[in-house]
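>>> Output the structure for:
(chains A and B)
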Amino acid sequence: MREVAVVAFAQTAHTDHDTGLSEPELILPVINEVKERTGLKRFGFTCSGSCDYLAGAPFSFVSALDALGAWPPISESHVEMDAAWALYEAWVRLQHGDVDSALVYGFGKSSLGDLRTIMTLQLDPYYLEPLGLDQVSFAALQASAAAGDRKELDAIVRRSRADGRSNPYALDLPEELTEEYAVEPIRKSDVAPITDGAAAVVLAAGDLARELCERPAYIRGIAHRIEPHYLGMRELARSASAADAARAAGVGKGPVDVAELHVQFAHEEPILRQALELPGDTVINPSGGPLAANPVMATGLIRVGEAARRVHDGTAARAVAHATSGPCLQHNLVTVLEA
Amino acid sequence: MGNRCAVIGVGQTHYTTKRQDVSIAGLVREAAVRALEDAGLTFKDIDAVVIGKAPDLFEGVMMPEAYLADALGAAGKPMMRVHTAGSVGGSTALVGASLIQGGVHDRVLVVAFEKQSESNATWALSTHLPFSASLVVGAGGYFAPHIREYIRRTGAPEHIGALVSVKDRLNALKNPYAHLKIPGIDLKMVQSTPMLWEPIRYLDTCPSSDGACAMVLSSESAVTGTPAWVHGTAMRSEPIFRAGRDTVSPQAGKDCAADVYAQAGIADPRRQIDVAEVYVPFSWYEPMWLENLGFAADGEGWKLTESGATALDGDIPWNASGGVLSSNPIGASGLIRFAEAALQVRGMAGEHQVDGARTALGHAYGGGAQFFAMWIVGREKP
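Numbers count the residues shown, from 1 in each chain, chains lettered A, B, ... in the order given. Alright, predicted model coming up:
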């Protein structure tokens, strides 16, 4: 495959409430930041990820084009998925060989509605959605199946929050954990917080990557897999699709210094560690991960950005990023980045 | 443009107002199975699935790829969901083709659908973000002023729209999958229907349809059956609120066409393209797109329509299938255009086949006439 690298990454200082910014206003600064950092004003391809249901209106991505200054018209596409899949689409497009750069961005304001209930609309509309199970209830089924050690889960949340507090872009969440259940066995502090935010990444191929970035984070493998929707058809304590994606991306072909995992509930971290077969010395979610900031639809892309950032600054030689979609880790994307 | 890519299977459902006999999953599976049968393949032969549809509010299912993974045989495979407004069907084909052109996969199933009977698209389109109130109801309310501006600029006589409405519906009578079948339709019938959004009358608009369309795309080494080769692919987008943009003949449409023509070696689309499937949801968009896509000079598109050149027996048939005016499962409408273009060059379009079609254009647009997706397919390898 053609060598493609993450050469720039920017994200908003995420908030736990609506600051009054519209989506284009949220996106504009991060787009400008990656444009400034790379010196690129135009890109060979642009792709974004967002979800109409967060805004509660159709075509919520349309006005984002105003933030891009898409004039003259640009070659552009959109996925109604986490923007990590927009990055995948852009990586595929760069494989054609006729364009060398791509802009990828994602955004979401989950403060505007009731995210837990909204996510119910993602379920089979005939057999599952009418049951009214919300996102946390679904996750609780998986948490029960995984039967994680409470001390280990608390340690995951404490570590994520501590890392989040030292990450200027993540939320400042308290050190003390609550014993109150969201839905048993999931405690309120096990749940990724409601967050508004956006992120942008620039991909570059070949010589352009080296021109734009001192230490490009090369995508050595990227793959995703979906599994059956119905929980009864899956072994919930494991993530077969994450394991398949990790093998296809080649996670096990070398050491993993850092892994940024799309962990929206504490119990998902051990499941993913096992699926990706991450070595014991891998640093997990040094950014704090989604448990410290979860701007839905940008969260997966931020994992790629955070992993790439550690390759850029030399703290990692090889890093892994994971993104997920669908109820209970139904769909997983794994990216391997190397210096 | 990367590796060669071909369409080797096409599957459609019979478009209709309400498919109450199937679920959404049943609908998309019906199209997918037909496309696989056409290619002589099964779900096992597919490497990845790309699905597209217009806003999730149309059915009330958010990110439905999660729920549809099982019905489309995607479990254990990569699956993607594309959404680029009305052009999404076209974009879905292009994202699928991109996976082949980029050398990532050998066989990709692309599917697009809309089950409009699950809700009311006009009102789903009339929900706006807070503090951005709009006086526009539905797509017709948005596009009618652009059509009036086209008429003002070109002096097109008022019957041009109705000519397209009649022509496309006559073509639909020859397409077994088409939704609207109105035997005996003529100018007088169209002109006697109620005015909805001036100058758009009831029969100048597309119907609300339930339906799905699927294609199997293949790399050169994995071709089965009769291929339609992809000669060019392009997408273009422009901002909806840019003050200086021309909404009647958008720059993004012109640039997208120029890009796809350059890839396919087309200098004169009127002469070099044998048949075009173009997204015409309101009849007047035929003359407007004839100009935007370079089939006619500025201000001359309506004359081409009036001359009969775009009829099935004309020199450049447009929408031989009956087009969006005859079948409109919104999210699938673009993919149907791309698929019908492929059927024509494969010589498999049946009664609405254009004799000797070797090169065809598939076109889709969406948003405020700001998102464009196009491809050129041909009988010969590029």
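
>>> helix/strand/coil for the residue nearest to B:Met235 when sequence neighbours are not counted?
Nearest residue to B:Met235, sequence neighbours excluded (Cβ to Cβ, 6 or more residues apart in numbering or on different chains): B:Ala373, at 5.0 Å. (Each C-beta comes from the backbone N, C-alpha and C, glycine too.) At B:Ala373 the chain is in strand, as set by DSSP: H, G, I helix; E, B strand; the rest coil.

>>> same question, B:Pro145
Quick answer, by three-state DSSP: B:Pro145 is helix.

>>> what's across from the residue lying closest to A:Val283 once chain neighbours are set aside in the sheet?
Nearest non-adjacent residue to A:Val283, counting by Cβ to Cβ, 6+ apart: A:Val258, 5.0 Å away. With DSSP bridges as the criterion, A:Val258 is bridged to A:Val283, A:Ala319.

>>> Can you tell me how far A:Val258 is from A:Gln11?
Between A:Val258 and A:Gln11 the computed distance is 17 Å (Cβ to Cβ, to the nearest Å).

>>> Same question for B:Phe338.
36 Å.

>>> pretty sure B:Gly211 is in contact with B:Glu30, am I right?
No: the criterion here is Cβ atoms under 8 Å, and B:Gly211 misses it with B:Glu30 at 9.4 Å.

>>> For the nearest residue to B:Ser117 once chain neighbours are set aside, grab the count of nearby residues.
Of all residues beyond its chain neighbours, the one nearest B:Ser117 is B:Lys18 (4.1 Å), with distances taken as Cβ to Cβ, 6+ apart. Residues near B:Lys18, counting by other Cβ atoms under 10 Å in any protein chain shown, number 12.

>>> In contact with the residue in the stretch 201-339 of chain A that chain B sits nearest to, which residues are there?
Using Cβ to the nearest Cβ, the single residue of the stretch 201-339 of chain A nearest to chain B is A:Gly326, 3.8 Å away. For A:Gly326, the contact set (Cβ atoms under 8 Å, 6 or more residues apart in numbering or on different chains) comprises A:Gln122, A:Ile226, A:His229, B:Met63, B:Glu65, B:Ala66, B:Ala69.

>>> Could you let me know which of those residues ends up closest to A:Lys41?
Lowest distance from A:Lys41 to these (Cβ to Cβ) belongs to B:Met63, with 32.5 Å.

>>> Could you verify my assumption that the closest one touches A:Asp52?
No: applying Cβ under 8 Å, one finds B:Met63 not in contact with A:Asp52, separated by 9.5 Å.

>>> Who has more neighbours out of the two?
B:Met63 (24 against 21).

>>> still on that earlier bit, could the contacts of A:Gly326 be laid out in JSON lines, adding distance to A:Pro130?
Shown next, in JSON lines, are the contacts of A:Gly326 (distance: Cβ to Cβ, whole Å):
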{"residue": "A:Gln122", "distance to A:Pro130": "14"}
{"residue": "A:Ile226", "distance to A:Pro130": "23"}
{"residue": "A:His229", "distance to A:Pro130": "15"}
{"residue": "B:Met63", "distance to A:Pro130": "18"}
{"residue": "B:Glu65", "distance to A:Pro130": "20"}
{"residue": "B:Ala66", "distance to A:Pro130": "16"}
{"residue": "B:Ala69", "distance to A:Pro130": "20"}
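
>>> Farthest pair within those?
A:Gln122 and A:Ile226 (12.9 Å).

>>> So these two - more neighbours on which side?
A:Ile226 (29 against 26).

>>> Can you show me the strands along the stretch 51-200 of chain B?
B:79-82, B:107-115, B:195-197, B:200-201 (DSSP state E, counting those that start in this stretch).

>>> what's the closest of these to chain A?
Closest approach to chain A among the strands of the stretch 51-200 of chain B is made by strand B:79-82 (4.4 Å; Cβ to the nearest Cβ).
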